[in-house]
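In: Quick one: sequence plus predicted model below, questions after.
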Amino acid sequence: MKLLFINAPGKWAGKRQLIYPLGLAYVATYLKERLDSPEIHFLDLNMYKDYSHVLERAVKEFSPEIVGIEFRNAFYFSTPQASLLKDTVDKIKLTVPDSKVIIGGSGFSLFAEDIMKYIKNIDFGIFGEGEVPFWGLINSDFRAEKVKNVFFRNNNEIIYSGHSDSLVDPEELSVPKRDWDGLDLSKYNYHGFQTKRGCSFRCDYCPEPFLQGKYYRLYPLKRIKEELAYCVSLGIDKIFFVDTIFNLPLRFSMNVLDVLSDFKGVEFSAFFKVTGFNQSYINKLEETGFKEIYVSLENVDPSLLELNRTGINERAIEETTRLLYKSKLKVRYQFILGLPHEDFANRIKNMGFMLRLMVKSRFKDRVFAEPLAILPYTELIKRHNIEIDLFNYPVFMRKLYWWYFPLLKIIQKMSDLFKLNILKLNKFK
């Protein structure tokens, strides 16, 4: 059996988003262990400025029976990506019309039915984690009605096979093979790595509990160590942990740091919740090989944090930032712009706090201000009755751009003036 796995192209501000396709690597490894000598080839279309000829040539030469495509983001900030996916799928079907095209990834899961309607050449779509449904489709000879978490077509109707309440047990997953035929590992600045799946927080605007499950599923520490050793053997020395939150649960995270301490010379980075820090944890981060960390503050107003059920409080912000000021870590504080119930006073307070963060850290740290991503299957959508589709990216604060963004840019210019770190602001399209 010949399988081609494709990382769908993504584009924002004229740039490709080059991120190692970890999800595809997990699925391909799962299938490789269960199929009889499959031929597996990978193609990351984000490696190419003009991918059209590369895609056509690869599909024609390899002639796959099955094509699995990862669609990670339906939007890069406010820029829709579905048209790039359609172009990819249509080219594949034009070249090898008999192949089975299977789409997965978080971008697909959030907009599954809309994507299936928009792209007629998709044969099957997988909701959520892909390992078990993908294998189920192959093992059932593509009788999708017998496999949970699968979208398929019945004449002109799009059918969902039904939701499975069971999730993959991380203890049953092997270390994912990374050096697949067709991938150049040296092209990726950082390589994604998981220590757990799922999220126990219930932030109103976040779909992760819906996509990954509402509780943490932890990988065994022995397996984490095995995978790290494997990555190092491939020459990988920069790793980004793609867990929704790396530092929680705190005890597990401390145990993971003990494992990481055996891998000197590897640079680590991850996403952190401002909740759950203490001095011993920060010391361990410094000793382990973390140089840059992304810490989610989201907002500095306690009432907004509570209204949006972020799990963050004012005390956690004050205590954690006080500890991080003195650390050797380069911190990238992340704020969310456009939360429900924001007002003029709140935005001014946020900007003042951004300045304070940079000044108190002696401009060691940076501030990222990003627009609120309004996504399906969140409490935010339900509560405010918001309609969103593949080509409609609603926002809460368009009317206030004329003063808010210029003031944020002043903060950036202040950093430029002192030749220090630059505030990165991701503008709405």
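Out: Here it is on my side, so go on. Residues are numbered from 1 along each chain as shown.

In: quick one: the helix or strand encompassing residue 272 to chain centroid distance?
Out: Secondary structure from DSSP states H and E places residue 272 in strand 267-273. Distance, stretch centre to chain centre, for strand 267-273: 13 Å (Cα atoms, centre = their mean, to the nearest Å).

In: buried sites along that strand?
Out: Going by neighbour count (16 or more other Cβ atoms under 10 Å), the buried part of strand 267-273 is 268, 269, 270, 271, 272, 273. C-betas here are computed from N, CA, C, even on glycine.

In: List the residues that contact the fourth one.
Out: The one in question is residue 271. Residue 271 sits next to 241, 243, 244, 245, 246, 294, 296 when contact means Cβ atoms under 8 Å, 6 or more residues apart in numbering.

In: make it 7 Å
Out: Each residue near residue 271 by Cβ atoms under 7 Å, 6 or more residues apart in numbering is listed here: 244, 245, 246, 294, 296.

In: can you check the first one too?
Out: Going by Cβ under 7 Å, 6+ apart, residue 268 touches 239, 241, 260, 288, 289, 290.

In: ok, now residue 243?
Out: By Cβ under 7 Å, 6+ apart, the contact list for residue 243 reads 194, 195, 196, 270.

In: so can I have CSV of those residues showing secondary structure?
Out: Listed next are these as CSV, based on DSSP: H, G, I helix; E, B strand; the rest coil:
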residue, secondary structure
194, coil
195, coil
196, strand
270, strand
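
In: Quick check on those: which are buried?
Out: 194, 195, 196, 270.

In: Can you give me the neighbour number for the residue nearest to residue 235 when sequence neighbours are not counted?
Out: Leaving aside its chain neighbours, residue 235 sits nearest to residue 185 (7.0 Å; criterion: Cβ to Cβ, 6 or more residues apart in numbering). For residue 185, the count of nearby residues is 14 (other Cβ atoms under 10 Å).

In: do residue 326 as well
Out: Residue 326: 11 neighbours (other Cβ under 10 Å).

In: those strands in the stretch 251-400 of the chain, which residues are they?
Out: Taking DSSP state E, counting those that start in this stretch to define them, one finds strands in the stretch 251-400 of the chain at 267-273, 292-298, 330-337, 366-371.

In: re the thing from before, ok, and the most crowded of the contacts of residue 271?
Out: Busiest of the contacts of residue 271 [other Cβ under 10 Å] is residue 246, holding 25 neighbours.

In: Quick check: that residue is in a strand.
Out: No: Residue 246: not assigned to a strand; according to three-state DSSP it is coil.

In: Surely it is in contact with residue 254?
Out: No: taking contacts as Cβ atoms under 7 Å, residue 246 lies outside contact range of residue 254: 11.3 Å.

In: re the thing from before, turn the buried residues of strand 267-273 into JSON lines, columns for distance to residue 148 and pLDDT.
Out: Converted to JSON lines, these look like this (distance: Cβ to Cβ, whole Å; pLDDT from 0 to 100):
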{"residue": "268", "distance to residue 148": "35", "pLDDT": "96"}
{"residue": "269", "distance to residue 148": "35", "pLDDT": "96"}
{"residue": "270", "distance to residue 148": "31", "pLDDT": "97"}
{"residue": "271", "distance to residue 148": "29", "pLDDT": "96"}
{"residue": "272", "distance to residue 148": "34", "pLDDT": "97"}
{"residue": "273", "distance to residue 148": "31", "pLDDT": "95"}
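
In: Can you name the two of those residues that sit furthest apart?
Out: 268 and 273 (16.8 Å; Cβ to Cβ).

In: my read: residue 112 touches residue 127, true?
Out: Yes: using Cβ under 7 Å, residue 112 is in contact with residue 127, at 5.9 Å.

In: Now list whatever residues contact both of these two.
Out: Counting by Cβ under 7 Å, 6+ apart, the shared contacts of residue 112 and residue 127 are residue 151.

In: who has more neighbours, these two?
Out: Legend: neighbour count by other Cβ under 10 Å for residue 112 and residue 127, higher for residue 112 (24 against 21).

In: hmm, back to that, got a list of what the residue nearest to residue 235 touches?
Out: Neighbour list for residue 185: 178, 179, 234, 236 [criterion: Cβ under 7 Å, 6+ apart].

In: What about residue 248, how many residues nearby?
Out: Neighbour count for residue 248, taken as other Cβ under 10 Å: 20.

In: roughly how far apart are it and residue 213?
Out: Residue 248 sits 15 Å away from residue 213, going by Cβ to Cβ, to the nearest Å.
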